[in-house]
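A.B. asks: Fold the following and give me the result.
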Amino acid sequence: VQLVESGGGLVQPGGSLRLSCAASGFTFTFSSYVMSWYRQAPGKERELVAASSSANGSPNYADSVKGRFTISRDNAKNTVYLQMNSLKPEDTAVYYCRARRAMLGMDYWGKGTLVTVSS
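C.D. replies: Modelled structure (predicted):
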């Protein structure tokens with residue numbers, strides 16, 4: 001199983017970025033996995049940013065990103081996205097993609113992509 005994140009980089013405050021996570025090698029269909037984005041800022045614990053389950057169709061967001069970030073998925077392309085708007089310096093972190101089927105004990109992580117918000 002491989003999760004490959006892309007789209008990170010340096011952006012000014014108020015700017016936007018779109019992260020992508022391409023998945024491959026799953027045992028089950030991509031749509032059956034809960035796909036999430038996490039982030040870890042320097043000196044802080046990893047935290048959930050957004051999660052998407054095709055089953056219930058309702059994404060979950062951390063309070064700190066609600067109204068600014070949008071998670072979406074293209075099950076045909078085995079890809080999950082994170083659209084980040086109105087970025088703030090406190091959004092600076094390494095962003096990780098996660099795929100889970102908790103009931104089956106399946107839990108996979110990507111290697112992360114760095115997002116830096118700075119003027």
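A.B. asks: I'd guess residue 28 is in a helix, am I close?
C.D. replies: No - counting by DSSP: H, G, I helix; E, B strand; the rest coil, residue 28 is not found in a helix; it is coil.
A.B. asks: I'd like to know how many residues surround it.
C.D. replies: Residue 28 is flanked by 10 other residues according to other C-beta atoms under 10 Å. No exception for glycine: its C-beta is placed from N, CA and C like everyone else's.
A.B. asks: next one: residue 49
C.D. replies: Using other C-beta under 10 Å, residue 49 has 23 neighbouring residues.
A.B. asks: and it, what pLDDT?
C.D. replies: Turning to residue 49, the model gives it a pLDDT of 98.
A.B. asks: for residue 1, same thing?
C.D. replies: 89.
A.B. asks: Tell me how far the closest residue to it other than its chain neighbours lies from residue 72.
C.D. replies: Leaving aside its sequence neighbours, residue 1 sits nearest to residue 25 (C-beta to C-beta, 6 or more residues apart in numbering; 4.3 Å). Residue 25 sits 22 Å away from residue 72, taking C-beta to C-beta, to the nearest Å as the criterion.
A.B. asks: Cool, thanks, talk later.
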